[in-house]
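> turn this into a model:
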Amino acid sequence: MVAIKAHQAQAFLKSMDGAIAAVLVYGNDAGLVSERAQAAAERLAGSSDPPGEIVRIEEADFEQDPERLAVELKTVAMFGGRRIVRTTAGRKINAQVLTPLLAPGAVAGALVVEAGNLRQGDALRAAFERADHAVAIPCYGDEGRDLDRLVRERLAAHGVEITAEARQALVARLGADRALSRSEIEKLALYAGGKGRIEVDDIDAVVGDAAELAIDAVLFAAASGDAARALSEIDRTVASGESPQAIILALQRHFQRLNRIRAALDAGRGFEDAIRPLRPPLHFKHKGIVETQARAWTLARSSQALAMIATAARAARLTATLETSIAERLVLDVTRLAPRPGPTR
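Numbers count the residues shown, from 1 in each chain. Okay, here's the model as predicted:
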């Protein structure tokens, strides 16, 4: 089938032919990829009578049972309706595995695959673009008009109005990641639900800068020892356009802050007294997690992390072509160093 252009994706999904048997949703905006994959699955499920069942198969499921993906797609639902199988392309679930499932009549169900940014000519993308009854849908970061439309749609769904000035301020703060943007809009709608109209002051009070929010997610996950989330967040942040070196420097500032707070705590001061001298001040939304991390990371351990970060920062400056790999390795090393849950060390 033909490849869908990025600007055609939304309209295509709304009117997608139920005869389509396979959908690849790919791009550098992980949030938008997930959102559109869900929309595609729901559209395909709703195209049969009775509606089909949506099944999710992760890479871990595939590793345990490599036949399960094909079996699920070839299974005819007991109570009618087409089975829709959602999965994510990865090391194991790749073009070699998926291409045979795109052959005419190969499956009874429908396949919806999520993937990262795929260049033209990539084997997986090419397989979906060539196959009959299959389609490849690109997803790139929201910009300008797309963000404005997203703001209008989500606030209207909550019955909340927004002034033109406030809408401009909101769009300026939202970034390219669809999921993060939607989360900020939903939070704003809930905040303003009682008053019914959003003003600029509401934006200042509730919505953070998208880039800062994305980087904060990396920092807090790394210092909490959550490797899977930290790597996922750094991939998302870099894909949205943030510099890996900026992430490394932000991680350095975070551990310098934890180090100063821990020193004050060890000297017998309370947490509120310990954070009072910080500049810039600690945002109230972050107090809980920062206190938890400051009490978990001893001075010796946080100093060790700072030494690792300094080494990574130098390496990233000297070999900019490897900065993403260096940042990812650093984040992974920090999560390994993070104190495990238990008594304060």
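> can I take it that residue 24 is in a strand?
Yes: counting by DSSP: H, G, I helix; E, B strand; the rest coil, residue 24 is part of a strand.
> i'd like the first residue to be 225 from this point on
Happy to do that; since the first residue is 225 now, the last one works out to residue 248.
> how close does it sit to residue 286?
Noted for residue 248: a distance of 17 Å to residue 286, by C-beta to C-beta, to the nearest Å. To be clear about C-beta, it is placed using only N, CA and C from the backbone, and glycine gets the same treatment.
> these two - which one has more neighbours?
Applying other C-beta atoms under 10 Å to residue 248 and residue 286 shows that residue 248 carries more neighbours, namely 29 against 19.
> mind checking which helix or strand of this structure has the lowest mean pLDDT?
helix 424-430 (a mean of 77; mean pLDDT, DSSP states H and E).
> which residues are in contact with the following helix or strand past it?
Tracing the chain past helix 424-430, the next element assigned as helix or strand by DSSP states H and E is helix 434-447. Identification of contacts with helix 434-447 by C-beta atoms under 8 Å, 6 or more residues apart in numbering yields 397-401, 404-405, 408, 453-454, 457-458, 460-461, 464, 466, 470-471, 474-475, 478-479, 482, 510, 513, 517, 521, 555, 558-559, 562.
> same question, stretch 312-330
245-246, 248, 250, 281-283, 286-287, 290, 293-294, 297-298, 311, 331, 335, 337-340, 346-348, 351-352, 355-358.
> narrow those residues to those in helices?
283, 286-287, 293-294, 297-298, 347-348, 351-352 (DSSP state H).
> any idea how far the top helix by length along the chain is from the chain center?
Longest helix of the chain, by residue count under DSSP H: helix 468-490. Averaged C-alpha coordinates place helix 468-490 at 24 Å from its chain's average position (C-alpha atoms, centre = their mean, to the nearest Å).
> counting by contacts, list what whichever helix or strand comes after it packs against.
Using DSSP H and E, the next helix or strand after helix 468-490 towards the C-terminus is helix 495-499. Helices and strands touching helix 495-499, by 3 or more C-beta pairs under 8 Å, 6 or more residues apart in numbering; DSSP states H and E, are helix 468-490, helix 511-520.
> just the CA atoms of the longest one, as PDB, please.
These are the backbone C-alpha positions of helix 468-490, laid out as PDB (Å, rounded to 0.1, in the frame of the first residue of the first chain):
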ATOM      1  CA  PRO A 468      22.600  14.800  25.500                       C
ATOM      2  CA  GLN A 469      25.200  17.200  27.000                       C
ATOM      3  CA  ALA A 470      22.400  19.300  28.500                       C
ATOM      4  CA  ILE A 471      21.100  16.100  30.200                       C
ATOM      5  CA  ILE A 472      24.600  15.300  31.500                       C
ATOM      6  CA  LEU A 473      25.000  18.900  32.900                       C
ATOM      7  CA  ALA A 474      21.500  18.700  34.500                       C
ATOM      8  CA  LEU A 475      22.400  15.400  36.100                       C
ATOM      9  CA  GLN A 476      25.500  17.100  37.500                       C
ATOM     10  CA  ARG A 477      23.400  20.000  39.000                       C
ATOM     11  CA  HIS A 478      20.900  17.500  40.500                       C
ATOM     12  CA  PHE A 479      23.600  15.600  42.300                       C
ATOM     13  CA  GLN A 480      25.400  18.800  43.400                       C
ATOM     14  CA  ARG A 481      22.000  19.800  44.900                       C
ATOM     15  CA  LEU A 482      21.500  16.400  46.600                       C
ATOM     16  CA  ASN A 483      25.100  16.600  48.000                       C
ATOM     17  CA  ARG A 484      24.400  20.000  49.500                       C
ATOM     18  CA  ILE A 485      21.100  19.000  51.000                       C
ATOM     19  CA  ARG A 486      22.600  15.800  52.500                       C
ATOM     20  CA  ALA A 487      25.400  17.700  54.000                       C
ATOM     21  CA  ALA A 488      22.900  20.000  55.700                       C
ATOM     22  CA  LEU A 489      20.800  17.000  56.900                       C
ATOM     23  CA  ASP A 490      24.000  15.300  58.300                       C
END
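> which parts of that helix are buried?
468-469, 471-472, 474-476, 478-479, 481-486, 488-489 (16 or more other C-beta atoms under 10 Å).
> quick check: the closest residue to residue 532 other than its chain neighbours vs residue 523, distance?
In this structure, residue 532 finds its nearest non-sequential neighbour in residue 557, 5.7 Å apart by C-beta to C-beta, 6 or more residues apart in numbering. Note on residue 557: its distance to residue 523, by C-beta to C-beta, is 19 Å.
> same question for residue 457.
Counting by C-beta to C-beta, the gap from residue 457 to residue 523 is 26 Å.
> so between these two, which is more surrounded?
More neighbours surround residue 457 than the other of residue 457 and residue 523, with 23 against 14 (other C-beta under 10 Å).
> so where's the stretch 225-374 of the chain shaky on pLDDT?
225-227, 271-274, 301-304, 365-369 (pLDDT under 70).
> re the thing from before, doesn't the residue nearest to residue 532 belong to a helix?
Yes: assigned with three-state DSSP, residue 557 falls within a helix.
> surely it meets residue 535?
No: applying C-beta atoms under 8 Å as the test, residue 557 and residue 535 come out as separate, 9.8 Å apart.
> could the helices and strands packed on helix 495-499 go into CSV alongside distance to residue 500 and mean pLDDT?
Below are these laid out as CSV (distance: least, C-beta to C-beta, whole Å; pLDDT from 0 to 100):
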stretch, distance to residue 500, mean pLDDT
helix 468-490, 9, 91
helix 511-520, 12, 92
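> good, we can wrap up now.
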